[in-house]
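>>> fold the following and give me the result.
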Amino acid sequence: MIKIAIVEDDAQYASKLLQHLDTYQKEEKEEFYIKVYRDGKDIAANYKAQYDIILMDIQMKFVDGMTAAEEIRKTDPNVVIMFITNISQYAIRGYEVGALDYILKPVSYFAFSQKLRRAISRLQKMNRKYIMISVKGGIKREDVSNIYYIESQGHNLVYHTKDGIFLSNGTLKNAENLLSDMHFSRGNNGYLINLEHVEAIKDKCAIVKGEPLFLSRLKINTFMQELTKYWGEIR
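The predicted structure is shown next:
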């Protein structure tokens, strides 16, 4: 899930950006968490590096986008910042705070989607983590973010991923150790679940890509604590 902040004091433009992001999610099969701020002071205050991409208006009433970006850069050198402005000359200063790009108002979907695709590409290059998994006939290099969950079946592990299902030998404990710092949690003795892809909790099941995965009585409390912590980190 990509975490995006919109910082825009004009409600009409904020609504337009939300529409564009919704369209992009549907067309590109991406998942976004989005929060809207009405002024630069609102996002800069107590900023904790919680976003991947910030769409930042430059001209705002209290704290302008450039000042807010300067504050954000003090604690977060990696977040992708794109400025939104109706005066292109303002955008030149954006490069002083490491902005990736700028978007001119009025914001058309085509131009927006092209620039957002570039931002996501930058993000993916920075954030991708890979693991090497033994499979029949060799080794598979897998993007951790693409793993939905890992299922234990006898002496094999079944990896359920964005690109399909594949088998590997090994134990769930070994997989858990390998992924220990990557937001995976045991739902029961048979599943290791990527918290990034948990959509909801319903009827003692974690819903992952529409599929219910049962949470055992012994594991559910720990799983919920880890999920709550993860959801708190992305907000």
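>>> what is the least confident helix or strand in the protein?
Here the helix or strand of the chain ranked lowest by mean pLDDT, DSSP states H and E is helix 88-92, holding a mean of 59.
>>> quick check: next helix or strand after that one?
The first helix or strand that comes after helix 88-92 along the chain, using DSSP states H and E, is strand 101-104.
>>> helices or strands next to that next one in the packing?
If you count contacts as 3 or more Cβ pairs under 8 Å, 6 or more residues apart in numbering; DSSP states H and E, strand 101-104 packs onto strand 80-85, helix 88-92, helix 109-127. From N, CA and C alone the C-beta is placed, and that goes for glycine too.
>>> weakest of the ones you listed in terms of mean pLDDT?
Lowest mean pLDDT of the helices and strands packed on strand 101-104: helix 88-92, a mean of 59.
>>> who's in contact with the nearest residue to Gln59 once chain neighbours are set aside?
Spatially, and ignoring its direct neighbours in sequence, Gln59 is nearest to Thr85 (6.9 Å; Cβ to Cβ, 6 or more residues apart in numbering). Taking Cβ atoms under 8 Å, 6 or more residues apart in numbering, we find Thr85 in contact with 57-59, 65, 91, 102-105.
>>> for Thr85, give its distance to Asn189.
Thr85 sits 54 Å away from Asn189, taking Cβ to Cβ, to the nearest Å as the criterion.
>>> equivalent analysis for Ala68, please.
In this view, Ala68 and Asn189 are 47 Å apart by Cβ to Cβ.
>>> neighbour count winner among the two?
When Ala68 and Asn189 are compared on other Cβ atoms under 10 Å, the one with more neighbours turns out to be Ala68, at 28 against 10.
>>> OK, contacts around the closest residue to Gly210 other than its chain neighbours?
If the residues on either side of it in the chain are set aside, Gly210 comes closest to Glu199, at 7.4 Å by Cβ to Cβ, 6+ apart. The neighbours of Glu199, taking Cβ under 8 Å, 6+ apart as the test, are 207-210.
>>> buried subset of these?
Val208 (16 or more other Cβ atoms under 10 Å).
>>> which members of the contacts of Glu199 occur in strands, if any?
By the criterion of DSSP state E, membership of those in strands covers 207-208.
>>> beta partners of Ser185?
Taking DSSP bridges, one finds Ile193 as the beta-bridge partners of Ser185.
>>> list the contacts for it?
By Cβ under 8 Å, 6+ apart, the contact list for Ser185 reads 192-193, 195, 222-223, 226-227.
>>> from Gly170, how far out is it?
Noted for Ser185: a distance of 18 Å to Gly170, by Cβ to Cβ.
>>> next: Glu8.
The separation that Glu8 has from Gly170, given Cβ to Cβ, amounts to 48 Å.
>>> more neighbours: those two, which one.
The neighbour comparison of Glu8 against Gly170 (other Cβ under 10 Å) goes to Glu8, with 24 against 15.
>>> give the contact list for the more buried one.
With contact set as Cβ under 8 Å, 6+ apart, Glu8 has these partners: 14, 17, 36-38, 55, 57, 60, 84.
>>> sort out which of these are in helices and list them.
Among the contacts of Glu8, DSSP state H puts 14, 17 in helices.
>>> pipe the contacts of Glu8 into JSON lines and attach distance to Gly137 and neighbour count per row.
Converted to JSON lines, those look like this (distance: Cβ to Cβ, whole Å; neighbours: other Cβ atoms under 10 Å):
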{"residue": "Ala14", "distance to Gly137": "51", "neighbour count": "19"}
{"residue": "Leu17", "distance to Gly137": "47", "neighbour count": "23"}
{"residue": "Val36", "distance to Gly137": "49", "neighbour count": "17"}
{"residue": "Tyr37", "distance to Gly137": "51", "neighbour count": "21"}
{"residue": "Arg38", "distance to Gly137": "56", "neighbour count": "18"}
{"residue": "Leu55", "distance to Gly137": "45", "neighbour count": "29"}
{"residue": "Asp57", "distance to Gly137": "53", "neighbour count": "26"}
{"residue": "Met60", "distance to Gly137": "57", "neighbour count": "22"}
{"residue": "Ile84", "distance to Gly137": "50", "neighbour count": "25"}
